[in-house]
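Q: Could you look at this predicted model? Sequence included:
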Amino acid sequence: MEAYKVEQVAKLLNVGRDTIYGLIRSGQLKSVKIGKLRRITDQQLASFLASLEESNDSDL
């Protein structure tokens with residue numbers, strides 16, 4: 001299992017870090033807190049992306 005920094009996920013998705021923090025706050029993107037650090041596992045990122053695909057499929 002891999003765990004990414006918020007900044008790494010933002011770069012992967014080509015969005016700002018504030019967007020990632022907003023997704024975390026809203027509960028759309030799950031994360032783990034280790035001490036004061038926030039990390040997003042590869043599984044959490046995959047689940048988030050899958051949920052986006054599902055919502056896009058239902059829009060068709």
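A: All right, it came through fine.
Q: Phi, psi for S31 please.
A: S31 has phi and psi values of phi -150, psi 170 when expressed as degrees, to the nearest 10.
Q: ok, it to L37 distance?
A: 10 Å (CB to CB, to the nearest Å). All C-beta atoms are positioned from the backbone trio N, CA, C, and that covers glycine.
Q: More neighbours: those two, which one.
A: In this view S31 and L37 are compared by other CB atoms under 10 Å, and S31 has more residues nearby, 21 against 11.
Q: quick one: contacts for the more buried one?
A: Residues near S31 by CB atoms under 8 Å, 6 or more residues apart in numbering: V6, I24, R38, R39, I40, Q44.
Q: Please tell me I have it right and the second one contacts R39.
A: To tie it back to what came earlier, the one meant is I24. No. Counting by CB atoms under 8 Å, I24 sits too far from R39 to count as a contact (10.7 Å).
Q: Please say which of the two ends up with more neighbours.
A: Taking neighbours as other CB under 10 Å, I24 and R39 compare with I24 leading, 19 against 16.
Q: So that one lies in a helix, does it not?
A: Yes. I24: assigned to a helix according to DSSP: H, G, I helix; E, B strand; the rest coil.
Q: wouldn't L45 be in contact with V9 here?
A: Yes. With contact defined as CB under 8 Å, L45 counts as touching V9 (6.3 Å).
Q: Can you pull the residues that touch both of the two?
A: Common neighbours of L45 and V9 (criterion: CB under 8 Å, 6+ apart): L29.
Q: Name the spans of the protein whose pLDDT lies under the cut-off.
A: Residue ranges of the chain with pLDDT under 70: 59-60.
Q: Break down it into its strands, ranges please.
A: With strands called from DSSP state E, the chain shows them at 3-5, 32-34, 37-41.
Q: ok, back up a step: neighbour count winner among L45 and V9?
A: Shown here are L45 and V9; by other CB under 10 Å, V9 has more neighbours (23 against 20).
Q: residues in contact with the more buried one?
A: Contact partners of V9, counting by CB under 8 Å, 6+ apart, are I20, L29, I40, L45.
Q: Distance-wise, check it relative to L29.
A: From V9 across to L29, the span is 8 Å (CB to CB).
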